[in-house]
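In: Structure here, sequence nowhere to be found:
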DNA sequence: CTGGATCCGCAGAGATACTG
DNA sequence: CAGTATCTCTGCGGATCCAG
C-alpha cells in the first residue's frame, strides 16, 4: 500500500496506549516528579522544594495521579511529624529510562530549536 | 552528599530543555502529528483524516507550532487546488526515534497501568 | 484544499487559608 | 510535615463561519 494510507487512527484513538502514556507524562509537572523521584524515595516537601514553581495543590494532584497509574508508591510512616515517601515502581523506572532518550534529544537540539523559533518569528512578525 | 539534595531545579526551570521538549511533545496532538508525518511527506487533509478526532483549528495550530520549532517543514505547491506537504526535519526524525521508546513502554505496560487504576479506584471510591 | 478569525466552555493550574 | 478546600484565572480545544 502506498503511503497515502497512513493509519494513525490506532494511535490517536483508544486502541493504542501511546496517547495515554503522554497523558501521564504530559502536563507541566509529571515528568519533573518522575525524574525527581527516580533518585530514590523522596518526601513530599523535598519534591516541593526540588521542583521550583510547583504549587502544593498541583504536587498533590500529580502525585495522586501517578500513584493511581501505578507509577508511584506512597509509603506513610506512622510517626510524628508525619513522614511520607514516594518511590518509583519498576514500571516507572523503565519509563524513566525511555524519558532519558527525550532529555538527551533535548540537550542535543535545544539551541537548534530556539534558533528555529527565532528565525520563524523574524520571518513572520516584523 | 546524601540524596536529600536532589536538584531538579535545573530541570523545572529554564536551564534544562527537558520541560520544553515536553512542551513540544505534550498536548493532545503533537505526538500524533509527528508520528503521522514520520512516514513521509503528508498533506493537510491526510493528517486531518489520519488523526481521528482532531479539529481543523487544532491541526493548524499544532502544525504551525511544530514548524516554528523547526520540527516540520511546510512546502507549498503553487497549484490549484492548493497542495501543502509537511515533512519531518532530521532533528524531528531523531525525536521520533526516542518517542519509539515511549510507545514501546506504553505497549508493554498499558494493561498494567489500567489495572493499577482500577485497583486504586476500587480501594478509594467504590 | 488549506487555512484564518471568532466565540465559548471546560479543565488545568495558581494563590491562599485551613487541618490532622 | 503532608496534605485538603475554595476561589479564580488562563489557555486549550471544539464548533462554526469565512477566505485565498
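Out: Received, thanks. Note that the structure is predicted; figures quoted are calculated from it, not measured.

In: pLDDT below threshold where in chain A?
Out: Scanning chain A for pLDDT under 70 picks out the ranges A:1-20, A:126.

In: show me where it has helices.
Out: A:9-12, A:18-25, A:30-37, A:44-50, A:56-68, A:90-124 (DSSP state H).

In: is it possible to export these to CSV including mean neighbour count and distance to residue B:80?
Out: Where you see a C-beta, it was placed from the backbone N, CA and C, and this is true even at glycine. Below are the helices of chain A laid out as CSV (neighbours: other C-beta atoms under 10 Å in any protein chain shown; distance: least, C-beta to C-beta, whole Å):
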stretch, mean neighbour count, distance to residue B:80
helix A:9-12, 18, 30
helix A:18-25, 20, 36
helix A:30-37, 24, 45
helix A:44-50, 18, 56
helix A:56-68, 16, 49
helix A:90-124, 16, 24
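
In: I'd like to know which of those helices is closest to chain B.
Out: helix A:90-124 (2.7 Å; C-beta to the nearest C-beta).

In: what's the closest of the helices of chain A to DNA strand C?
Out: Closest to DNA strand C of the helices of chain A is helix A:56-68 (C-beta to the nearest atom of the strand; 3.9 Å).

In: Can you tell me which residues in chain A are near DNA strand C?
Out: Residues of chain A lying close to DNA strand C (C-beta under 7 Å from any atom of the strand) are A:27, A:28, A:29, A:53, A:54, A:55, A:56, A:57, A:58, A:81, A:82.

In: From those residues, list just the buried residues.
Out: A:27, A:28, A:29, A:54, A:58 (16 or more other C-beta atoms under 10 Å in any protein chain shown).

In: farthest-separated two in the residues you listed?
Out: Farthest-apart pair in those is A:27 and A:54; separation 11.0 Å (C-beta to C-beta).

In: Find the residues that touch each one of those two.
Out: Listed as contacting both residue A:27 and residue A:54 by C-beta atoms under 8 Å, 6 or more residues apart in numbering or on different chains is no residue at all.

In: Spatially central residue for chain A, please.
Out: residue A:31 (2.2 Å; C-alpha atoms, centre = their mean).

In: thinking it is in contact with residue A:25, fair?
Out: Yes: at 5.9 Å, residue A:31 counts as touching residue A:25 under the criterion of C-beta atoms under 8 Å.

In: Overlap of the contact sets of those two?
Out: With C-beta under 8 Å, 6+ apart as the test, residue A:31 and residue A:25 both reach A:99, B:22.

In: contacting residues for residue A:34?
Out: A:25, A:66, A:71, A:88, A:92, A:95, A:96, A:99.

In: Would you mind confirming that residue A:110 is in contact with residue B:20?
Out: Yes: counting by C-beta under 8 Å, residue A:110 does reach residue B:20; the two are 7.0 Å apart.

In: shouldn't residue A:88 be in contact with residue A:36?
Out: No: taking contacts as C-beta under 8 Å, residue A:88 lies outside contact range of residue A:36: 10.0 Å.
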